[in-house]
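# heads up, no residue letters with this:
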């Protein structure tokens, strides 16, 4: 029974936690697959993620000239699946901690910094409102996915490490809200998915010495093609397109409109009945502003 339940556990939370391993600006442009997979109600998850990112990084949704760095980020997360009006609902919370060394140009001068601390945590509520009934473990074994439709709301409170005298920070010092809708369709061993999400940001009224930084919404569109070799082993190919996010500093617009494309791949495999492992890679293909970075992630998941 645990083996059957772990089939869907892996794509649900392990991928969801991968998105938490980047600073806010970069995280919005990380690919993710099987996020809306159905699971038995009452299932709990613990995930431990290690992620390494390198390249041209965009912190907190803002552009810093020639900002390049290396990030090492462990993430701890918890999630639970439950029934809401007969539909599958999920709650997850993620807490990342980041070590980073970076170099950039500030006021036309080269600058570098090495530091570590908490990034903004994130809380998400997900509801599959079509094609994904809330089932007990005994019922779930007989269930087969066809087409499911879901939506989620994620909130990032400004609790990460932040220093108003620094241009480069791990926390964003503002609230971030993400709304998303998704469709997933299965044909035999193949699964085809499409997500559309929109990020909204409150103002950062204490940006770099007390200035006010505003940002327009960022739209993210994802497509995933997944092949299952066996129920708990699968390979996914991912694509992402991001657009928008122009910032304004003290009422003056900045030339940092985002128009970026990324690709990625995910390989999932079982370790034991209640344990799973996943490897993930993603990289920028076409980059206008701040998304030319590479991600490598290793995720361990335990469920009960």
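That came through fine. All values derive from a computational prediction rather than experimental measurement. Numbering: from 1, shown residues only.
# and residue 39, which of the three is it?
coil (DSSP: H, G, I helix; E, B strand; the rest coil).
# and for it, the neighbour number?
The local packing of residue 39 (other C-beta atoms under 10 Å) involves 29 other residues. Glycine gets a C-beta too; all of them are placed from N, C-alpha and C.
# how about residue 182?
20.
# what does residue 278 give?
By other C-beta under 10 Å, the burial measure for residue 278, its neighbour count, is 24.
# tell me if I'm right that it and residue 270 touch.
No - in this structure, residue 278 is not within contact of residue 270 by C-beta atoms under 8 Å, at 10.3 Å.
# list the buried residues in the helix or strand encompassing residue 138.
Per DSSP states H and E, residue 138 falls inside helix 137-140. Within helix 137-140, the residues that count as buried by 16 or more other C-beta atoms under 10 Å are residue 140.
# next one: stretch 85-105
87-90, 92, 94-98, 100, 102, 104.
# then stretch 229-249?
232, 234, 236, 238, 239, 240, 241, 242, 245, 246, 247, 249.
# save the residues you listed as a markdown table, and put in distance to residue 45 and secondary structure too.
Compiled in a markdown table, these are given as follows (distance: C-beta to C-beta, whole Å; DSSP: H, G, I helix; E, B strand; the rest coil):
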| residue | distance to residue 45 | secondary structure |
| --- | --- | --- |
| 232 | 15 | coil |
| 234 | 18 | strand |
| 236 | 19 | strand |
| 238 | 21 | strand |
| 239 | 26 | strand |
| 240 | 24 | strand |
| 241 | 29 | strand |
| 242 | 28 | strand |
| 245 | 31 | coil |
| 246 | 37 | coil |
| 247 | 35 | strand |
| 249 | 40 | strand |
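# any chance of those residues in TSV, plus distance to residue 193 and pLDDT?
Output for the buried residues of stretch 229-249, formatted as TSV (distance: C-beta to C-beta, whole Å; pLDDT from 0 to 100):
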residue	distance to residue 193	pLDDT
232	18	83
234	12	95
236	9	96
238	9	94
239	11	94
240	12	93
241	14	93
242	17	91
245	24	88
246	29	90
247	30	90
249	37	91
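# from those residues, which is closest to residue 301?
The nearest member of the buried residues of stretch 229-249 to residue 301, counting by C-beta to C-beta, is residue 232 at 11.1 Å.
# ramachandran angles for the closest one?
Taking degrees, to the nearest 10, you get phi -110, psi 10 for the backbone angles of residue 232.
# can you tell me the closest non-neighbouring residue to it?
residue 270 (4.1 Å; C-beta to C-beta, 6 or more residues apart in numbering).
# ok, what's across the strand from the one you found?
Per DSSP bridges, the residues bridged to residue 270 are residue 276.
# check residue 236 too.
residue 226, residue 266.
# got it, and residue 125?
residue 91, residue 153.
# so it sits against residue 90, correct?
Yes - with contact taken as C-beta under 8 Å, residue 125 and residue 90 are classed as touching, separated by 7.4 Å.
# can you count the residues close to residue 255?
8.
# pretty sure it is in a strand, no?
No - counting by three-state DSSP, residue 255 falls outside a strand, being coil.
# quick one, phi/psi of it?
According to degrees, to the nearest 10, residue 255 has phi -90, psi 70.
# ok, now residue 254?
Torsion angles, degrees, to the nearest 10, at residue 254: phi -120, psi 150.
# what is the least confident helix or strand in this protein?
One helix or strand of the chain scores below all others by mean pLDDT, DSSP states H and E: helix 15-18, with a mean of 42.
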